[in-house]
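> starting from these lines, generate the structure:
(one chain, ligands or ions: 1)
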Amino acid sequence: MLSFTFCVLFALVVNVWGLDAPAANAQDITVEYTVINDLQGNKFKFSMLVTVPEGSVLLDVMKKAEQMKPEEFSFTTEETSWGPFVTSIHHLSGSSNDKTYWRFLSGTTPLEQGVGTYKPRNNENILAIFSTY
Ligand code: B12
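The predicted structure is shown next:
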């Protein structure tokens with residue numbers, strides 16, 4: 001009986017404090033994130049839906065994708081005065097000799113901000129395409 005009372009009390013406290021639903025406070029957004037290399041060596045294309053809290057930057061989406069599928073979405077960055085510059089995705093690095101880099105787009109529109117500042121919207125389609133300049 002004592003343990004029953006304890007359970008009821010515990011459930012009540014958890015419900016009142018909202019401890020059972022930590023995600024309910026924050027509004028989540030879902031972004032489709034795709035990485036494509038049609039340019040060099042082994043071609044690849046990987047896509048996944050990533051859910052992050054609203055207000056997250058693209059770097060957070062990339063980190064979550066990497067966490068969930070590291071063999072597909074691993075990436076590296078280099079810190080610059082503009083913030084993090086994405087140097088490689090799926091072990092494929094841009095190169096100043098070959099004039100290649102990872103270019104970021106929303107649908108067909110190139111991003112005008114880096115991954116450390118750009119905040120994707122809900123249902124946005126973000127692509128990283130290995131490109132030349
Ligand atoms: C040339 C250039 C590039 C070249 C750099 C390579 C090269 N060797 O030329 C390439 C084509 C790779 C490039 C890519 C991008 N760029 Co750029 N780029 C420039 C530009 C025109 C000149 C930079 C430069 O040479 N400065 C002179 C040198 C001496 O200074 P530096 O600090 O050492 O320069 C380095 C950094 O600027 C870095 N870099 C270049 N672009 C970007 C973008 C970001 C987000 C970061 C973190 C670093 C970075 O590469 C330079 C060479 O190593 C600037 C505009 C400007 N006037 O500054 C835009 C600019 C810096 N780029 C910009 C953007 C948005 C991008 C991209 C995100 C575009 C995209 N849609 O993918 C990508 C980066 C993606 C990634 N992989 O993370 C924006 C950044 C704005 C912001 N508020 O974040 C700028 C300001 C242009 C603009 N007004 O839109 N870029």
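> from here on, just use CA atoms for contacts and neighbour counts.
Fine.
> Ser95: what's it in contact with?
Ser95 sits next to Tyr101 when contact means CA atoms under 8 Å, 6 or more residues apart in numbering.
> quick check on it: phi, psi?
phi -150, psi 130 (degrees, to the nearest 10).
> bridge partners for it, pull those for me.
Thr100 (DSSP bridges).
> what about it, distance to the ligand?
9 Å (CA to the nearest ligand atom, to the nearest Å).
> so who does the nearest residue to Asn125 once chain neighbours are set aside touch?
Sequence neighbours aside, Glu32 is the residue nearest to Asn125 in space, at 4.8 Å (criterion: CA to CA, 6 or more residues apart in numbering). Each residue near Glu32 by CA under 8 Å, 6+ apart is listed here: 47-50, 123-126.
> so Ile129 sits right up against Phe104, yeah?
Yes: counting by CA atoms under 8 Å, Phe104 is a contact partner of Ile129 at 6.5 Å.
> now do the contacts for Gly55.
Contacts of Gly55 (CA under 8 Å, 6+ apart): 119-120.
> and the next helix or strand past the helix or strand of the chain with the lowest mean pLDDT?
Least confident helix or strand, the chain: helix 2-17 with a mean of 47, by mean pLDDT, DSSP states H and E. Later in the chain than helix 2-17, the nearest helix or strand by DSSP states H and E is strand 28-37.
> any residue of that next one touching the ligand?
No: legend: contact between strand 28-37 and the ligand by CA under 6 Å from any ligand atom is lacking; minimum distance shown is 12.0 Å.
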